[in-house]
Each structure stands twice: as structure tokens, then as C-alpha cells.
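J.: Generate coordinates for the sequence data below:
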Amino acid sequence: MIEAALYLIPVQLSDVELTTILPTINTHIVRDIKHFIVENVRSARRFLKKCDRNIDIDSLTFYELNRHTKESEIPSMLSPLINGEPVGVISEAGCPAVADPGADVVAIAQSKGLKVKPLVGPSSILMGLMGSGFNGQSFAFLGYLPIDSTERARKFKEMERRIMHEDQTQIFIETPYRNNALAAELCKIMPQHIKLCIATDITGEKESIVTRGVKQWQGKLPELHKVPTIFLLYK
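T.: Numbering: from 1, shown residues only. Predicted structure coming up:
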């Protein structure tokens with residue numbers, strides 16, 4: 001039996017065999033957990049079945065933690081852990097608590113002095129950075145850029161300043177159906193000396209991580225509609 005802790009369980013980024021991206025120890029740990037805090041119950045159940053089809057899903061307890069969850073509901077999700085039972089956290093993709101609502105329950109666990117154990121797994125943010133050739137000593141993940149045009153223009157200027165004056169790589173994402181528009185906007189607005197890395201389908205069969213100058217991308221952008229994509233900017 002594993003020790004009582006809050007286990008942060010990474011999920012695959014693409015529809016590939018789990019054994020190609022996740023350590024075997026993750027599966028062993030999952031088998032011993034009966035309580036899970038998840039972003040979506042249905043996808044979490046599918047993931048657990050991929051880990052081990054012999055897991056009795058109906059015997060497990062799931063707590064849903066997403067943008068619809070009330071803040072007041074989160075502390076009670078740690079009750080099993082307080083009582084000495086391990087609890088797992090599963091996000092929709094990648095690593096829990098990184099650009100993910102799971103961070104809220106981790107913060108509560110830390111404040112209560114409960115043990116937190118992150119497990120090894122894929123992060124599109126870090127893997128995109130690794131493959132970009134950009135500065136890995138100083139970087140910022142900005143999440144989603146503002147939708148408002150004025151705020152968005154201000155964010156572009158801020159990113160350019162950080163790149164040039166702080167030598168900092170800028171990393172961000174977009175809602176998948178707006179990927180094409182964002183890529184075209186970057187090529188139009190960003191100065192020609194800025195480089196853009198477009199990283200798509202990371203760990204998947206059609207994985208592509210390509211870095212080019214903004215000018216080189218013009219007229220040659222890949223089709224990104226509804227494709228999981230990370231954007232990175234640097235000089």
C-alpha cells in the first residue's frame with residue numbers, strides 16, 4: 001500500500017499508448033488510490049481504465065474540480081487524505097496543477113501540512129520549450145492571451161519588451177479553434193527580429209516543433225485549427 005499523500009498524476013497529451021510516455025510506477029500508484037480529484041469524471045475514468053482495465057471504477061470516489069467548482073467545496077475533497085488515505089489529482093491533459101485548477105487543492109494541502117507527491121509525466125509547456133531552442137533559463141508561461149483587442153495589443157508589447165530587455169522566453173496558448181488566427185496575428189504584429197516556435201500535437205503521432213523567424217512563417221503557417229498547440233516567442 002502506498003503512503004498517504006496527494007498524488008499529482010500526469011495524463012497523456014495525445015491518444016497514444018500510456019507506456020510510451022508514463023513510467024510504470026505511475027500505474028502501480030494509481031491502483032492503490034480510491035479517491036480522485038479530477039477535472040472531468042468521464043475522461044478520468046477512461047484514463048484509469050487505460051492504466052489498468054482491471055481497476056473497479058465503480059468502487060472509486062471522484063470529486064470534480066474545474067471552473068464550475070465553488071471555492072468552499074474544495075477543502076472537503078482532502079478529507080480522505082486527512083483520514084490517512086491517498087488521494088490522486090487528475091487533469092484533462094498533461095501535469096496537474098500546471099495551468100490547471102488542481103493548483104487550488106494543492107495549495108490547500110500545503111497549507112494544512114499534508115504531503116504532496118508530483119509524479120513524472122509530459123508537460124507541453126516544458127517540452128515545447130525544450131524543443132524550441134529558446135532561453136530555458138528565463139521563461140514565462142502566460143496562459144491564454146486577452147481576447148479584448150486593446151488588452152491583447154498591450155500584451156504583445158509587454159511580451160516584446162520582456163524578450164528584448166529581460167532575455168525571457170514567452171510561452172502561451174490559445175483556444176484550439178482560434179490557433180490559426182493567433183498565428184497569423186503574431187506574424188503580422190511581431191517585429192521581424194522575433195522568432196516564433198509553433199509546437200503541435202506534442203508526444204502524438206503528428207508532433208511538430210518548428211522555430212522560425214516571424215518573417216519566415218509568413219505565408220507558410222501550418223494548419224492549426226483544433227490542433228493542440230503551444231506558442232513560444234524569443235529573439
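J.: Show me what the lengthiest helix in the chain is packed against.
T.: The helix that spans the most residues within the chain, counting by DSSP state H, is helix 149-166. Helix 149-166 sits against strand 139-144, strand 169-173, strand 229-234, with contacts defined as 3 or more Cβ pairs under 8 Å, 6 or more residues apart in numbering; DSSP states H and E. (Each C-beta comes from the backbone N, C-alpha and C, glycine too.)
J.: For the chain, just list every one of the strands.
T.: Assigned by DSSP state E, the strands in the chain fall at 6-9, 35-38, 61-64, 87-90, 116-118, 139-144, 169-173, 195-200, 208-213, 229-234.
J.: CA atoms only: put the second one into CSV for me.
T.: The C-alpha coordinates for strand 35-38 follow below in CSV (Å, rounded to 0.1, in the frame of the first residue of the first chain):
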residue,chain,number,x,y,z
HIS,A,35,-10.2,8.8,-4.1
PHE,A,36,-9.6,11.1,-7.1
ILE,A,37,-9.9,14.8,-7.6
VAL,A,38,-10.5,15.3,-11.3
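J.: hmm, back to that, format the helices and strands packed on helix 149-166 as TSV; extra columns: mean neighbour count, distance to Leu22 and mean pLDDT.
T.: Formatted as TSV, those follow (neighbours: other Cβ atoms under 10 Å; distance: least, Cβ to Cβ, whole Å; pLDDT from 0 to 100):
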stretch	mean neighbour count	distance to Leu22	mean pLDDT
strand 139-144	15	22	95
strand 169-173	23	22	97
strand 229-234	24	20	98
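J.: Pipe those strands into CSV and attach distance to Ser132 per row.
T.: Listed next are these as CSV, based on distance: least, Cβ to Cβ, whole Å:
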stretch, distance to Ser132
strand 139-144, 9
strand 169-173, 7
strand 229-234, 5
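J.: Any chance of a markdown table for the strands of the chain, columns distance to Ala44?
T.: A markdown table is the format used below for the strands of the chain (distance: least, Cβ to Cβ, whole Å):
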| stretch | distance to Ala44 |
| --- | --- |
| strand 6-9 | 9 |
| strand 35-38 | 4 |
| strand 61-64 | 6 |
| strand 87-90 | 5 |
| strand 116-118 | 17 |
| strand 139-144 | 22 |
| strand 169-173 | 22 |
| strand 195-200 | 25 |
| strand 208-213 | 28 |
| strand 229-234 | 23 |
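J.: re earlier: any idea which of the helices and strands packed on helix 149-166 gets closest to Gly219?
T.: strand 229-234 (18.0 Å; Cβ to Cβ).
J.: for that closest one, packing partners?
T.: helix 124-132, helix 149-166, strand 169-173, helix 179-189, strand 195-200.
J.: what about dumping the CA coordinates of the third one to CSV?
T.: It stands for strand 169-173. Provided in CSV are the C-alpha atoms of strand 169-173 (Å, rounded to 0.1, in the frame of the first residue of the first chain):
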residue,chain,number,x,y,z
THR,A,169,11.1,33.4,-23.5
GLN,A,170,7.4,33.9,-23.7
ILE,A,171,5.1,30.9,-23.8
PHE,A,172,1.3,30.9,-24.3
ILE,A,173,-1.7,29.1,-25.7
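J.: Pull up the pairing partners for that strand, direction included.
T.: According to DSSP bridges, strand 169-173 has the following sheet partners: strand 139-144 (parallel), strand 229-234 (antiparallel).
J.: quick one: Ala153 from Ile74, how far?
T.: The gap separating Ala153 from Ile74 is 36 Å, by Cβ to Cβ, to the nearest Å.
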